[in-house]
Structures are given as structure tokens and as C-alpha cells.
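**Student:** Sequence first, then the predicted structure:
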Amino acid sequence: MNNIIKKTFTSLITLVAITGLTQAGTLKSGSWTKKENKIAGTWKITEEGGSMKLVITDLKTKKAPDLKIYFSPKSISSVTAKTATSGSFFLKQLSSHKGSQTYALPSGFDLSKYKSVLIHCEKYTKLWGGANL
């Protein structure tokens with residue numbers, strides 16, 4: 001009986017690998033750290049089929065006219081509002097100050113170059129918050 005189960009399991013694993021039915025892998029995840037405004041929710045970076053995405057879940061923060069997402073080479077503890085964009089990678093304008101949202105990272109994006117993900121109001125030079133990667 002154990003041989004039948006082992007063969008069935010091996011066949012199932014092979015089928016999943018061939019058809020690509022695996023779930024997206026989570027590379028990094030965490031919750032937001034407040035800098036200048038209260039910020040709640042979680043985030044994760046996923047990879048599936050060579051494509052990475054930033055997935056923000058249950059975001060809740062203060063609304064602002066120019067909230068943008070950056071990846072910074074500095075840790076969240078060393079980033080300030082004035083240094084948030086310096087050497088950072090601009091991903092995209094934040095879709096909404098609340099709720100869940102997903103952003104595709106560009107092909108070839110090297111996550112190892114960055115230490116944190118930030119939400120920054122560029123217009124008023126205010127660092128809403130961020131998280132270490």
C-alpha cells in the first residue's frame with residue numbers, strides 16, 4: 001500500500017511541476033512601520049514564473065495628493081523624508097491610501113539592492129512609513 005501512495009504522490013508532484021500549478025512564492029513580507037503618519041496593513045513580495053509583485057493588503061493610512069512607492073537602499077530606521085528618494089527606485093504612485101492593491105515589479109528588478117520599501121509623499125516631502133525587506 002505504501003508503494004502505491006508513494007507513486008501517486010510522485011506523479012502528483014510531477015504533474016504540478018509540469019503544469020505550473022504551484023502557488024506564487026513569497027520572497028519577503030511584513031507590516032508597515034510608521035514614520036510621519038499612522039500606517040497599518042501588511043505587504044509581501046511574491047514571485048511566480050519569474051515575475052515579482054508587491055502585494056499590499058488591508059492598507060490604511062492618511063490620504064495625501066502624491067503618495068508614491070519607493071524601494072530604498074537604506075533601512076527604514078535610517079531613511080528620512082529628505083533622503084527617501086535618494087538612490088531609491090520609484091515603483092509607482094500608490095493607487096489608494098486604503099485597501100488591498102498589487103504592483104508588478106519590472107523585469108530584471110534586483111531586490112537584493114534594496115533594504116526597505118517606502119510610502120512617501122513626494123509633494124510635501126513626508127515619509128508616511130515603510131518596512132525593512
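**Tutor:** Received the coordinates, thanks.
**Student:** so is the residue positioned nearest the centre of the chain in a helix, a strand, or just coil?
**Tutor:** Centroid-nearest residue in the chain: Leu54, 3.2 Å away (criterion: Cα atoms, centre = their mean). Following DSSP: H, G, I helix; E, B strand; the rest coil, we place Leu54 in the strand state.
**Student:** give me the number of residues near the spatially closest residue to Leu59 that is not a sequence neighbour?
**Tutor:** In space, Leu59 comes closest to Gly41 once its chain neighbours are excluded; the distance is 3.9 Å by Cβ to Cβ, 6 or more residues apart in numbering. All C-beta atoms are positioned from the backbone trio N, CA, C, and that covers glycine. Counted by other Cβ atoms under 10 Å, the residues lying close to Gly41 total 17.
**Student:** looking at the sheet around the residue lying closest to Phe90 once chain neighbours are set aside, what are its partners?
**Tutor:** Distances taken as Cβ to Cβ, 6+ apart put Tyr70 closest to Phe90, at 5.6 Å, once the chain neighbours are dropped. Beta bridges link Tyr70 to Phe90, Leu118 when assigned by DSSP bridges.
**Student:** Would you mind listing the residues in contact with Tyr70?
**Tutor:** Tyr70 sits next to 84-85, 88-91, 117-118, 120 when contact means Cβ atoms under 8 Å, 6 or more residues apart in numbering.
**Student:** From Glu122, how far off is it?
**Tutor:** Using Cβ to Cβ, to the nearest Å, one gets 9 Å for the distance from Tyr70 to Glu122.
**Student:** Please identify every residue contacting each of those two.
**Tutor:** Thr85.
**Student:** buried set for stretch 67-77?
**Tutor:** 67-72, 74, 76 (16 or more other Cβ atoms under 10 Å).
**Student:** again, but for stretch 48-65
**Tutor:** 52, 54-56, 59, 61, 64.
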